[in-house]
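Participant: Could you look at this predicted model? Sequence included:
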Amino acid sequence: MFEVAVEHTFAAGHALRHYKGKCENVHGHNYKIRVAVRGEKLNEIGMLMDFVVLKKALRDVCEPMDHVFINDLPPFDVLNPTAENMAVYICECMQKALADNPHPVEVAEVKVWETDIQSATYRPASVK
Ligand SMILES: [Zn+2]
């Protein structure tokens, strides 16, 4: 099994609903996102997936969240914008973005850092 990963960063604000503590107040993070994809076989030139394509997909998925108040952005207008929920959302968006990739890959893991020392990781169940 091969796995390749890319990272992307963006800045955004959020406020956690139903949370009793500082994070219920509006505040911001410099988010760092890491997406790893995996697959059994390499393509004809020895790649699991072109980093350029993977980076563009992650950038496109993150773009609507950059410099906005995430609570205003669906699905986070309803869903609490925790790092865990953001990881699931980004995973689902990446799965859609990579569905038509000519070489089959699946999202192995999405990690969302809110700060250098706190992160949430989502690993979807394997489609196999
Ligand atoms: Zn926060």
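Facilitator: Structure received.
Participant: which residues touch residue 77?
Facilitator: residue 71 (CB atoms under 8 Å, 6 or more residues apart in numbering). Yep, even glycine has a C-beta here, placed from its N, CA and C like the rest.
Participant: And it, how far from residue 69?
Facilitator: 10 Å (CB to CB, to the nearest Å).
Participant: sec struct for the residue lying closest to residue 63 once chain neighbours are set aside, please.
Facilitator: Leaving aside its sequence neighbours, residue 63 sits nearest to residue 10 (CB to CB, 6 or more residues apart in numbering; 7.9 Å). For residue 10, the reduced secondary structure class is strand; criterion used: DSSP: H, G, I helix; E, B strand; the rest coil.
Participant: so where does the spatially most central residue of the chain fall, helix or strand?
Facilitator: In the chain, the residue lying closest to the centroid (CA atoms, centre = their mean) is residue 90, at 3.6 Å. Taking DSSP states H and E as the criterion, the element that holds residue 90 is helix 83-98.
Participant: Then residue 31?
Facilitator: Residue 31 belongs to strand 27-39, assigned by DSSP H and E.
Participant: Could you list the residues in contact with that strand?
Facilitator: For strand 27-39, the surrounding residues in contact (CB under 8 Å, 6+ apart) are 1-15, 48-49, 54, 58, 62, 65, 86, 90-91, 94, 98, 103-115.
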